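Chemist: The sequence isn't on hand, but the structure is:
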């Protein structure tokens, strides 16, 4: 038992499982904004935010992020939400364009 854990404290895996079963108010807009504020060209949302999304179904995640992006004209021009092989990705079109230029594409 660590100094920050009470007797019978929950392990990360159990907390992640419990968090993944419910709806978290405001988490999709918050995480979308974190991505916009970052320098990343793209992220796997389940890896970037494992506590919030690690156990969520990809279809649910896709719908949640698409809803946030399509409600804002600027985000809709800037952020792509993609679903592939059970994962959901956010990609920043401007940063991807810079990567393509640097790589001769």
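Modeler: Yes, it's here. All values derive from a computational prediction rather than experimental measurement. Numbers count the residues shown, from 1 in each chain.

Chemist: Going by C-alpha atoms from here, please, whenever you check contacts or count neighbours.
Modeler: Fine.

Chemist: Listing partners with orientation, what would you give for the helix or strand containing residue 43?
Modeler: Residue 43 belongs to strand 42-44 when assigned by DSSP states H and E. Here strand 42-44 has these sheet partners by DSSP bridges: strand 87-92 (antiparallel).

Chemist: what does the worst-scoring helix or strand of the chain on mean pLDDT contact?
Modeler: Every helix and strand in the chain was compared by mean pLDDT, DSSP states H and E; the lowest is helix 12-21, with a mean of 74. Helix 12-21 is contacted by residues 50, 51, 52, 53, 54, 55, 56 when judged by C-alpha atoms under 8 Å, 6 or more residues apart in numbering.

Chemist: Adding distance to residue 102 and pLDDT, write the residues you listed out as TSV.
Modeler: Listed next are the contacts of helix 12-21 as TSV, based on distance: C-alpha to C-alpha, whole Å; pLDDT from 0 to 100:
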residue	distance to residue 102	pLDDT
50	31	88
51	34	83
52	33	88
53	32	90
54	32	83
55	35	83
56	35	88
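
Chemist: In strands, which of the residues you listed fall?
Modeler: Among the contacts of helix 12-21, DSSP state E puts none in strands.

Chemist: Following the chain onward from the strand holding residue 43, which element is next?
Modeler: helix 45-48.

Chemist: other SSEs contacting that following helix?
Modeler: helix 50-53, strand 87-92 (3 or more C-alpha pairs under 8 Å, 6 or more residues apart in numbering; DSSP states H and E).

Chemist: want to throw those into a markdown table with mean neighbour count?
Modeler: A markdown table is the format used below for the helices and strands packed on helix 45-48 (neighbours: other C-alpha atoms under 10 Å):
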| stretch | mean neighbour count |
| --- | --- |
| helix 50-53 | 20 |
| strand 87-92 | 21 |
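
Chemist: Many thanks, I have nothing further to ask.
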